[in-house]
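Novice: Quick one, structure for this:
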Amino acid sequence: MGHISYSILSIIWLFFFCYFVGNCYSWSSVDQEKDRIISLPGQPENVGFNQYSGYVTVNKQSGRALFYWLIEAPTDRVPESRPLVLWLNGGPGCSSVGYGAAEEIGPFRINSDGKTLYLNPYSWNKLANMLFLESPAGVGFSYSNTSSDLYIAGDQRTAEDAYSFLLNWFERFPQYKHREFYIAGESYAGHYVPQLSQIIFERNKGTQNPIINFKGFMVGNAVTDDYHDYVGTFEYWWTHGLISDSTYKVLRITCDFGSATHPSSECVKALALAEQEQGNIDPYSIYTLPCNDTSSLKRRLRGHYPWMSRAYDPCTERYSQVYFNLPEVQKALHANVTKIPYPWKSCSDIVGNYWADSPLSMLPIYQELIAAGVRIWVFSGDTDAVVPVTATRYSIDALKLPTVTKWYPWYDNKKVSGMNINSLMALDDHFFFLCFCQFLFLCSSYVNKSWHFSNFNEDTHDQYYCHNAISDDTPKSKEQELFKVNTMLHVSEPFSSLFLLIFENIN
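Specialist: This is a model prediction of the structure:
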């Protein structure tokens, strides 16, 4: 009884102090502080930025809660003035914590011991406050108290749950309300990102000062349009010598390019033959040696895109599997609080295999948002054979938009290093090229609305490229029209070129 009385008195005192003194944390601030990460196991000292992670309930009736990890910009870069970027990985069913945060664009990398971390010098949090979301429920640490939810996940519910997450998350972090907000992602997030963007755009209509101050989105190697993804993928395999002429012809004859959801038995056989002909390669980086344990790189026929393996499997993925299952790591992240009856995995087989709904094309959403002046960037790594650059080119070309900047070469040390196309492409790179200095520069250009890379000095651009990637001294574009621009950047090895497609209406 004494304990209860003490608790009641504490609550009364808290209300009294807030009401009469007016100098205390709000309830949202209390919840926010509960999510603060003091330090992660194995983390380097004095990282210079704040981190938060935890759960946000998106459906009380079913008990669905999504896990997030917020990594703010370094304190010396004034995070209060930086935009907020939501990052989503695809699959469907793969973790933005395991891939986006731990392997691609987050501030930490996991060492081979699976216990310690080291810093990524090209983390996107140097430019923005990064919010990584494990979505939908059943992916990573995100969960549902209704087990059937894992078997009926799909595009529509994923988008609605992500929107509910954002609304509730902004209540917990009110300092981010009205802040410039962007959404980015890759692979099957080529569905997640535009679908969530459309919901936010539609529900912001008529609002003078929206809580979610949505400015635009960016997608890479994105699943965009079933028909063109099929055409582009099979063509990529053939033109890169990965499959025979006869198999290419059979694929084109037996696979219905307009319906990737239910491939015919003949198409499945042709896909199996194509996989056999490709052999033991890393399909996400065809010129890169696969990890030593090659068995993990065997690709399985997918339900939605039958050629599609849900997870890129470099050796670092195994380190993530170890690290995020450590009890001390989960405690530090405020994760697995409900004691999920299965280990953390980079991708959920259940969610991916039982995906319920998937529209054939995202192009209608592109058309709607482009017409409304939403900023859109599309990029692609050119040695990814899963969602290849040819698929991106065909999909975006189907929009039939005018080209402002025509095809032209870029130089490195006065040597032609490539030509521009209709998307952002990194040569000699793979699906996950997001973790490097070169793309950090592009992210900087995007959030700062600057296009100064189109005027690179060919003799000095490598140093300029990497150092100005995290600079605030970026000139502002004077363009005022809605446009599609084709441009290319050259960067130092191991990359050769970057290609960029922009839909932009800068006010």
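Novice: Model confidence score at Asp208, please.
Specialist: One thing to correct before we go on: residue 208 is Gln, not Asp. At Gln208, the model reports a pLDDT of 89.
Novice: what about it, helix or strand, and which?
Specialist: Per DSSP states H and E: Gln208 is located in neither a helix nor a strand.
Novice: Contacts only, for it.
Specialist: For Gln208, the contact set (C-beta atoms under 8 Å, 6 or more residues apart in numbering) is empty. Heads up, the C-betas are built off the backbone N, CA and C, glycines and all.
Novice: now it: how far from Asn125?
Specialist: Using C-beta to C-beta, to the nearest Å, Gln208 is found at 30 Å from Asn125.
Novice: Under the pLDDT cut-off, which ranges of the stretch 1-150 of the chain? List them.
Specialist: Low-confidence segments of the stretch 1-150 of the chain (pLDDT under 70): 1-28.
Novice: Tell me where it has helices.
Specialist: Assigned by DSSP state H, counting those that start in this stretch, the helices in the stretch 1-150 of the chain fall at 2-16, 27-34.
Novice: what does the shortest one rub up against?
Specialist: Okay, so that is helix 27-34. Under the contact criterion C-beta under 8 Å, 6+ apart, helix 27-34 has outside partners 25, 52, 54, 171-174, 334.
Novice: Just among those, which is most surrounded?
Specialist: Gly54 (22 neighbours; other C-beta atoms under 10 Å).
Novice: Now for the closest residue to that residue other than its chain neighbours: which residues touch it?
Specialist: Of all residues not flanking Gly54 in the chain, Asp35 sits nearest, at 3.9 Å (C-beta to C-beta, 6 or more residues apart in numbering). By C-beta under 8 Å, 6+ apart, the residues touching Asp35 are 52-54, 70, 172, 334.
Novice: repeat for Arg179
Specialist: Arg179 neighbours (C-beta under 8 Å, 6+ apart): 83-84, 213.
Novice: Among those residues, which one sits closest to Glu266?
Specialist: Closest to Glu266 out of the contacts of Arg179 is Leu84 (47.3 Å), distances taken as C-beta to C-beta.
Novice: That closest one touches Tyr176, doesn't it?
Specialist: Yes. At 5.3 Å, Leu84 counts as touching Tyr176 under the criterion of C-beta atoms under 8 Å.
Novice: So which of these two has more stuff around it?
Specialist: For the pair Leu84 and Tyr176, the greater number of neighbours falls to Leu84 (28 against 22), based on other C-beta under 10 Å.
Novice: quick one: the more buried one from Ile212, how far?
Specialist: Distance from Leu84 to Ile212, by C-beta to C-beta: 9 Å.
Novice: Can you list phi and psi of the residue lying closest to Ser95 once chain neighbours are set aside for me?
Specialist: Nearest residue to Ser95 in three dimensions, chain neighbours excluded: Gly140, at 3.8 Å (C-beta to C-beta, 6+ apart). Per-residue torsions, Gly140: phi 60, psi -130 (degrees, to the nearest 10).
Novice: got any residues that touch both of Leu84 and Tyr176?
Specialist: Contact with both Leu84 and Tyr176 is made by residues Asn129, according to C-beta under 8 Å, 6+ apart.
Novice: before we move on, the earlier item: please dump the contacts of helix 27-34 into JSON lines; it should also carry distance to Leu131 for every row.
Specialist: Listed next are the contacts of helix 27-34 as JSON lines, based on distance: C-beta to C-beta, whole Å:
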{"residue": "Tyr25", "distance to Leu131": "21"}
{"residue": "Tyr52", "distance to Leu131": "9"}
{"residue": "Gly54", "distance to Leu131": "12"}
{"residue": "Glu171", "distance to Leu131": "14"}
{"residue": "Arg172", "distance to Leu131": "12"}
{"residue": "Phe173", "distance to Leu131": "9"}
{"residue": "Pro174", "distance to Leu131": "15"}
{"residue": "His334", "distance to Leu131": "15"}
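Novice: For the closest residue to Cys315 other than its chain neighbours, the count of nearby residues, please.
Specialist: Excluding the flanking residues, the one nearest Cys315 by C-beta to C-beta, 6+ apart is Cys291, at 4.3 Å. Cys291: 16 surrounding residues under other C-beta under 10 Å.
Novice: Isn't Gln156 up against Trp355?
Specialist: No. Between Gln156 and Trp355 there is no contact under C-beta under 8 Å: 11.3 Å.
Novice: Which of these two has more residues huddled nearby?
Specialist: When Gln156 and Trp355 are compared for neighbours, Trp355 comes out ahead with 23 against 14, by other C-beta under 10 Å.
Novice: Three-state assignment for that one, please.
Specialist: Assigned by DSSP: H, G, I helix; E, B strand; the rest coil, the conformation of Trp355 is coil.
Novice: Pretty sure it sits against Ile152.
Specialist: No. Trp355 is beyond contact range of Ile152, at 9.2 Å (criterion: C-beta under 8 Å).
Novice: Could you export the lengthiest helix in the chain as PDB, CA atoms only?
Specialist: Counting residues, the longest helix found in the chain (DSSP state H) is helix 155-172. Extracted in PDB, the C-alpha atoms of helix 155-172 (Å, rounded to 0.1, in the frame of the first residue of the first chain):
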ATOM      1  CA  ASP A 155       1.100  -3.200 -50.100                       C
ATOM      2  CA  GLN A 156      -2.000  -1.500 -49.000                       C
ATOM      3  CA  ARG A 157      -1.800  -2.400 -45.300                       C
ATOM      4  CA  THR A 158       1.900  -1.800 -45.200                       C
ATOM      5  CA  ALA A 159       1.400   1.800 -46.500                       C
ATOM      6  CA  GLU A 160      -1.400   2.500 -44.100                       C
ATOM      7  CA  ASP A 161       0.500   1.100 -41.100                       C
ATOM      8  CA  ALA A 162       3.600   3.200 -42.100                       C
ATOM      9  CA  TYR A 163       1.400   6.300 -42.200                       C
ATOM     10  CA  SER A 164      -0.100   5.500 -38.800                       C
ATOM     11  CA  PHE A 165       3.500   5.000 -37.600                       C
ATOM     12  CA  LEU A 166       4.500   8.400 -38.700                       C
ATOM     13  CA  LEU A 167       1.500  10.200 -37.100                       C
ATOM     14  CA  ASN A 168       2.100   8.500 -33.800                       C
ATOM     15  CA  TRP A 169       5.900   8.900 -34.000                       C
ATOM     16  CA  PHE A 170       5.600  12.600 -34.600                       C
ATOM     17  CA  GLU A 171       3.600  12.800 -31.400                       C
ATOM     18  CA  ARG A 172       6.500  11.200 -29.600                       C
END
